[in-house]
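Participant: No sequence on hand, only this structure:
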Ligand code: PT1
């Protein structure tokens, strides 16, 4: 199965790696004033060389506790980077946003997939995504990033995540988005305790019944910090293990920071699984 991402192709016939490109200000290297487009572009090129199949560009942090940014701020961060990548990057770019204005400008600038952690629930997002005619990823989140980890609660986490994604899938199809253009994501770490995340990973296969390719993001997340006692930069091995477990349970795309390491791990998995 191949996804057409505005002319660039994403082959889901084998598990693929989505490289994370955060274009949020780095408060360590420059005091949070400047975003280095050149650094971001070099990082994207390196991830492509390391075997990424797609690069996910995001200008608004959605990790727990993060605050929203304005449309203009988000545009200023992501658009120059997407424009530069359009000509130079051999693989598609996705735009990680919930804002319809950013979706439109990003696709105009060359993005070929919309990755929305809010599953197109923002005002106007569903209509905009349908109009732009690119594949979309719908993710489950309970609450909003600033408060979602305060007291996540479910009676049946897999059932509720699945019902939510099914409802959003129906909304997309009703809006005219082709079901072959829709990916789904249980949203690890988005309004979930460690136990919720582990149950979702354990039972990931059960989401296959929704009939869409699965995308998962586990890379360096706090659930892996809780399991290993390590800081984000030291969670590479745990992240690779989690990515592998997800692919074994049916994930088509893994969203990761450590592309080279994850690509190697998937090569081993593929060799063992082959025939
Ligand atoms: C994700 C994802 C994403 N994650 C998709 N897009 C983030 N489709 C951004 C933590 O617990 O999983 N799927 N875009 C990053 N969000 C988080 C959430 C980062 C939780 C860290 C944590 O540490």
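Facilitator: The structure has been received and is ready for your questions. Bear in mind the structure is a predicted one, so any value in this text is a computation, not a measurement.
Participant: Look at the nearest residue to residue 16 once chain neighbours are set aside and say how many residues are nearby.
Facilitator: Once flanking residues are discounted, residue 16 sits nearest to residue 53: 3.6 Å by CB to CB, 6 or more residues apart in numbering. In short, each C-beta sits where N, CA and C put it, glycine included. Other residues near residue 53 come to 23 when the count uses other CB atoms under 10 Å.
Participant: Then the one 10 residues further on?
Facilitator: With neighbours defined by other CB under 10 Å, the count for residue 63 comes to 16.
Participant: Could you do residue 101 as well?
Facilitator: Other residues close to residue 101 by other CB under 10 Å number 15.
Participant: That one belongs to a helix?
Facilitator: Yes: residue assignment for residue 101, taken from DSSP: H, G, I helix; E, B strand; the rest coil, places it within a helix.
Participant: residues touching residue 245, list them.
Facilitator: With contacts defined as CB atoms under 8 Å, 6 or more residues apart in numbering, the neighbours of residue 245 are residue 201.
Participant: now swap in residue 16 and tell me
Facilitator: Under the criterion of CB under 8 Å, 6+ apart, the contact list for residue 16 reads 10, 52-54, 252-254.
Participant: and the residue nearest to residue 18 when sequence neighbours are not counted, what are its bridge partners?
Facilitator: In this structure, residue 18 finds its nearest non-sequential neighbour in residue 255, 4.4 Å apart by CB to CB, 6+ apart. Each beta-bridge partner of residue 255 is listed here, defined by DSSP bridges: residue 18, residue 217.
Participant: For residue 255, give its distance to residue 126.
Facilitator: According to CB to CB, to the nearest Å, residue 255 stands 22 Å off from residue 126.
Participant: For stretch 39-52, buried residues please.
Facilitator: Judged by neighbour count using 16 or more other CB atoms under 10 Å, the buried positions of stretch 39-52 are 40-41, 43-45, 47-48, 50-52.
Participant: Do I have it right that the residue nearest to residue 16 meets residue 15?
Facilitator: No: counting by CB atoms under 8 Å, residue 53 sits too far from residue 15 to count as a contact (9.1 Å).
Participant: Could you name every residue contacting both of the two?
Facilitator: The overlap between the contact sets of residue 53 and residue 15 (CB under 8 Å, 6+ apart) consists of residue 253.
Participant: what sits against the residue in the chain that the ligand sits nearest to?
Facilitator: Here the chain gets closest to the ligand at one residue, residue 217, 2.4 Å apart by CB to the nearest ligand atom. Residues in contact with residue 217, defined by CB under 8 Å, 6+ apart, are 185, 187-189, 254-256.
Participant: which stretches of the stretch 101-250 of the chain form helices?
Facilitator: 125-132, 157-174, 194-202, 222-228, 236-248 (DSSP state H, counting those that start in this stretch).
Participant: and the second one, what other elements does it pack with?
Facilitator: On a contact count with 3 or more CB pairs under 8 Å, 6 or more residues apart in numbering; DSSP states H and E, helix 157-174 meets helix 125-132, strand 136-139, strand 182-185, helix 194-202.
Participant: Could you count how many residues lie near the closest residue to residue 118 other than its chain neighbours?
Facilitator: Counting by CB to CB, 6+ apart, residue 98 is the residue found nearest to residue 118 once chain neighbours are left out, at 3.9 Å. Applying other CB under 10 Å, we find 22 residues neighbouring residue 98.
Participant: just to revisit the earlier point, quick one, what contacts the residue nearest to residue 16?
Facilitator: Applying CB under 8 Å, 6+ apart, one finds that residue 53 lies in contact with 10-11, 16-18, 91, 253.
Participant: Restricted to buried residues, select the residues you listed in ChimeraX.
Facilitator: Of the contacts of residue 53, the buried ones can be selected in ChimeraX as follows, counting by 16+ other CB under 10 Å:
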select :10,16,17,18,91,253
